[in-house]
Every structure is written in C-alpha cells, then in structure tokens.
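Novice: got a predicted structure plus its sequence, pasted below:
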Amino acid sequence: MHPHIQTLLKCIDLEEKEQAQRFQLDQQHTLKQLKNEGLALHPIIVTKKTFGYADYPEISFKLHFPPEVNMFTDGAAIECFISGEEPVKGVLISLDNRNGEFRLFAPDFPDWIEDNGVGIKLTPDTRTTSIMKKVLEQLEENKKLFKLFETLHKQPTIKLPVQIPSINIGFKNRQLNQSQQQAIAAVLTNENITIVHGPPGTGKTTTLIEAIIQLVGKGEKVLVSAPSNTAVDNIAKGLIQQGINLLRVGNASKTDEAIFQHTPEGRLNNSKEQKEIKQLKIRAEEFRRMALKYKRHFGKAEREQRNLLFKEVKNIRTEIKKLQTYNEEKLFAGAQVIAGTPIGLYDAGIDYIPFQTLVIDEAGQCIEPLAWCIFPLAEKIVLAGDHWQLPPTVLSNDAAILGFNQSILETAIDKISNVYLLNTQYRMRESIAGFSSNYFYDSLLLTAEHLKDKGVHLTFIDTAGSGYNEMHGPDGISLQNGGELEIVQKIIRTESLAMENTAFISPYSGQVAAAKELLSKEIRCSTIDSFQGQEKETVIVSLVRSNDEGEIGFLKDYRRMNVAITRAKEQLFVIGDSATIGADKFYSEFLGYVEQHGRYRTVWEFE
C-alpha cells in the first residue's frame, strides 16, 4: 500500500480516537466543559417537530445565545440527550446563529424531547470515517485514479508556465474580467484536473457558475460539491437562478425554500409517488401511536409488543426508502447538475451515471480523504478555493502533525500546472487588501478601480505598555483581554460606527464570549474561524495576545490573520500589542505596512 495512503488511514484512526475522547459526556468531561469547548449546545428550546423525507423525526430548535465556537457544522454527527435518559443519535441539518435543525435516527421522538434540560452534543462520525477508510483501501485498484494520487504525492517539480487557453466563448455573464474568463476557458478545455484559485472577494462563485453553465451548454453532466451544505447551497442557488436543471441531494432541510424546490423531496411534492409515500407514512404514524401507549416504565410483555410495533415502523420506512430510490433515479437521469457535500453525493448512489466534470468549491476546507470519496464519480476534476485561508478543522493534534489538516487544494496546488488565479478583488478598499496581496498572493491580487480611494481605511491600535494583558476566561481555557474590549467600545463611540454594519472578530472564543456580554446585540461577534466567507462594512479585530514572553499561539497560523483582515469592506481596525506580536516576522511586516498605508495609533489616544 502507498505510504501516504497508510498515513491517511492512520490519521483517520487518530481523529476517531480524539473525537471519542473529546465528545464523551462523563465524570471527566462535564457538560460545562463540553459547552465551553463548543462541543455541546445546552439547553435547546424545541420549536417544531416533524417527520422528514425518509420518515425520520426532525426537530427545529433555538438557543438562548449563539454558540461561541461553532464546531456544529451542518452534517455533523450528534446525540440528543437529557440527564438520566439514553441519548439518541442523529445528524445536524443546519445551525445558523441561534436557530438550528437536526434529524434523529429513531422510529419516533423521545418522550422527553420537550422537557427542560434537553441538549445536543457532537459525537464521533463513525459512518463518514468508515466510508473514507473503505475508499482509501480500494484506491490502488482504480488505475486512473491511483495515477492521479501518485501525481499529487510526488515531490513538487518546477512547474511549466500555465498555458492560457484562447478565449472564444459566448459568455452569458458579460461582466467577467479577463482572469475570470481565462479560468472558465481552462475549465472548458480541462482534460484531467484544473485549479481555480480564488482569493477573498475575487468572484470565485460567479466564475464557477458561468463555467458550469458553459459545461452544461456543451452537453456535459456536472457534479458540484463542497465540504459544507452552506457552500453547496450558495453555488446551487446561483445555478438555479440561471435556469440550470439542478438536483440538490443529501440535505432535505426546508430552511431555504429556493433550494428545497430542487431536492428530491421538493420535486416529488404533490406527485402521485408522494401520495403513495404519504399513505405509508400515515400507516407508520398509526403503529408509532400504538407503540407509544406503552410509556417509559413497563413490563416485559409490553416491551415486546412495543418492539414489534416499532419493527413494523422500520419495515414501512424500508418500503418508503425503496420508493424514494426508484423516484430519485428518474430525477438523477434528468438533472443537468447534481449538487451535494462529498458524503451526500457518495450516499446518493450515482456511481452508475457517467458525469464528465466534478467541481469542488471551497476545496481549501476539504480534507483529502473526502475528496477521494467523489473523485471516481467524474472523468475530470475542478478544484476551486484559496489555500491561503483557513484549513479544514482537525481535532487530533497528532493527525494534524501528520498533515491531516492539509486540504485537497493545498495538496494539489504545488503539483498541478493548471492553476488559474482570479486576480481582481471587488470587496475591499485597496489599502485593506494590499497587505494580503503582497504577503500571500505575490502582489498579484489587484483591486477594482472603484475601490482605489486614497482615504484612511486601515487602522492599528497599539496596546504596548498599557498593561492590557491577556488572561484566561472563566472557563480556564480560552483567552480574554478586557483592555482591548474597552478600546473596542471607544472606537464604536468615537468613530460613530453603524452597529448593524459592524463585526467584532477575534481568534479566541473567550474574547468573543466577553464581547457578546459588553457590545450591542446589533454588532456581529464571532471567532475568525466562524467568520470565514463573510464580510461587513466595518470589522474590528482583537488579537488578544499580550505577554512578556512574546507568545502568540493561534496567531502563528498566518492564514487565520489573512481571513481576519480580508473581511472588511470599508474600515478595518486591528487591536494588538506590538511588543508581543512584533517579534514575529509576519506581524512586524504587517505593522510596517500599516504605518505606510494606514493609520498607526496608540492606546493612549483613546483615554
């Protein structure tokens, strides 16, 4: 077996073990600890109960406060629990700020679901890990695919200059710039694997939508994927608006009506087939009702009767699934584009359909084994994203050391010649974008003409010598800096910032939690990691670190800083201690850039 396949399999095992340890709710891992680490949401308020597409119980809920650390990504494996009862396994469908939805793998809702003290916690996603292991173990059997694997894991070689394809395309979108047009031409002439490198604000989604429209126009059947449901929905909406016959698989959440109409459930709504399924669901409901006559505490005979009734529910559910599979196959055949997360596409069972191109968006957030789950589904591959933004989240430090948090995009970017940079950003003022362009993008990232205003849009506020030191928050884990929060309040007052157009972000969840207590509810407060992919007119970044040792922790991953400083459109304020961060070459360069292109202020100016 190829050494790197062995390494990836070892990483999956390490990640599984770490999840099993971290997610456990026991005497060593109290509920308070799990909540502090962002691994549990408690209490939740149940707002709606329904039986979903495959007749599984689905629960909508809200939280008193948005989670500080959002590790509850859509599709995450969860357990619903209450003290003293057996937890029920499920999957998170969505979580947006304070509102969410999850599905339970159970015949019915637990009796206690609407009691006080119900919560959900993350649980090891053994299903996804078993799929990834199986795919990797079989990889060498597929000669074409294994050749690609070997290409991506050879030593980086001197890459030939990228061949710019000649552009003779009737673009539907007339607003595309030259680098976007070149990337689309590359996708259309792609014979193996092409990378669309899209730094922040460069119109990556716009470019991919046009490329997919052009591929469909050539008669191709296209797969679209991304590691999160949010990213899949984002590109799916754009394609639907352009009239593409798209089928969205793997997430039948009704939270977004525009998308729901293009899921198998939405398509089958009010059809003859759906009426059949509805009748089966009514029968299942009757058996469930009969089973629920037997309450929590009952004898052996009643338990057996209840189990028999639930077995009947399970049989009906299998019948529903068969009907749905038959109907979905007809929908798959007619769709021009099928979209879903890697596991969503894998589960759809579409490997018998010939797809010409697979497009993976946000490939910089996709761990490598997930990509190999869907690479076999199409002849050609397009990876799109930015490897200079945050990598995939990995819990096991040992797995991260072995490279498990290296995305498929980061793995491929040094080995593939066909890399096309989208070189013009339309989000930020030039001075805000300038440092990232210089440091991360070889000064190749240009700014659209209308954003080249010479006003002051970038400010660093230096706390050196102020005594505003970092400290551990109430949880004893994450760091806070109360002095920096005082400055934030002063900035908001002195600059007359519009609250609804302002975001406060920090690398540390403890600082975010403290900010939520102090700042107006209209100001969006978020960790940098959770704010990736978003933007605001004004962004205030609190770096938190201030100590005599020059320890900067999280800030050492410069990609996190790249995300932080590319969220603001009009005004960016960065608060930090130059004495702590300045010893680091990256931050020293950033401070020098601010002095040249922005405004450098000290904490004393805010007294």
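Specialist: Looks like it arrived, so ask away.
Novice: longest single helix anywhere in the chain?
Specialist: Ranked by residue count and defined by DSSP state H, the top helix of the chain is helix 300-334.
Novice: next secondary structure after that one?
Specialist: On the C-terminal side of helix 300-334, the closest following helix or strand by DSSP states H and E is strand 337-339.
Novice: residues contacting that next one, please?
Specialist: If you take CB atoms under 8 Å, 6 or more residues apart in numbering as the criterion, strand 337-339 is touched by 212, 216, 221-225, 232, 235-236, 239, 244-249, 332, 345, 348, 350, 355. The C-beta positions use only the backbone N, C-alpha and C, and glycine is treated the same way.
Novice: quick revisit: now the longest helix of the chain: how far from the chain's centre is it?
Specialist: 31 Å (CA atoms, centre = their mean, to the nearest Å).
Novice: for stretch 469-486, same thing?
Specialist: 27 Å.
Novice: for it, measure first residue to last.
Specialist: Taking CA to CA, to the nearest Å, the first and last residues of stretch 469-486 lie 13 Å apart.
Novice: quick one: buried residues of it?
Specialist: E470, G473, D475, S478, L479, Q480, N481, G483, E484, L485, E486 (16 or more other CB atoms under 10 Å).
Novice: which of these has the weakest pLDDT?
Specialist: Lowest in pLDDT among those is D475, which has 67.
Novice: now the strands for the stretch 401-550 of the chain?
Specialist: 419-421, 424-425, 446-447, 458-462, 471-472, 479-480, 502-506, 524-527, 536-542 (DSSP state E, counting those that start in this stretch).
Novice: elements contacting the helix or strand that contains E286?
Specialist: Assigning secondary structure by DSSP H and E places E286 in helix 272-291. Judged by 3 or more CB pairs under 8 Å, 6 or more residues apart in numbering; DSSP states H and E, helix 272-291 is in contact with helix 300-334.
Novice: tell me the centre residue of the protein?
Specialist: Nearest to the mean C-alpha position of the chain, by CA atoms, centre = their mean, lies S228 at 4.3 Å.
Novice: could you dump the strands of the stretch 401-550 of the chain to JSON lines with distance to D111?
Specialist: Below are the strands of the stretch 401-550 of the chain laid out as JSON lines (distance: least, CB to CB, whole Å):
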{"stretch": "strand 419-421", "distance to D111": "56"}
{"stretch": "strand 424-425", "distance to D111": "54"}
{"stretch": "strand 446-447", "distance to D111": "59"}
{"stretch": "strand 458-462", "distance to D111": "54"}
{"stretch": "strand 471-472", "distance to D111": "40"}
{"stretch": "strand 479-480", "distance to D111": "41"}
{"stretch": "strand 502-506", "distance to D111": "41"}
{"stretch": "strand 524-527", "distance to D111": "36"}
{"stretch": "strand 536-542", "distance to D111": "44"}
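Novice: N307 is nearest to which of the ones you listed?
Specialist: strand 524-527 (45.1 Å; CB to CB).
Novice: closest one to S509 out of the buried residues of stretch 469-486, please.
Specialist: S478 (4.8 Å).
Novice: what sits against that closest one?
Specialist: Counted by CB under 8 Å, 6+ apart, S478 has contacts N36, H472, Y508, S509, G510, Q511, A513.
Novice: quick one: closest of the strands of the stretch 401-550 of the chain to V394.
Specialist: Across the strands of the stretch 401-550 of the chain, closest to V394 is strand 524-527 (CB to CB), at 16.4 Å.
Novice: ok now that closest one, how far from the chain's centre?
Specialist: Computed by CA atoms, centre = their mean, the chain-centroid distance of strand 524-527 equals 16 Å.
Novice: so which elements touch that strand?
Specialist: Partner elements for strand 524-527 (3+ CB pairs under 8 Å, 6+ apart): strand 502-506, helix 509-518.
Novice: can I get the ones you listed in JSON lines with mean neighbour count and mean pLDDT?
Specialist: What follows is those, written out as JSON lines (neighbours: other CB atoms under 10 Å; pLDDT from 0 to 100):
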{"stretch": "strand 502-506", "mean neighbour count": "26", "mean pLDDT": "96"}
{"stretch": "helix 509-518", "mean neighbour count": "21", "mean pLDDT": "90"}
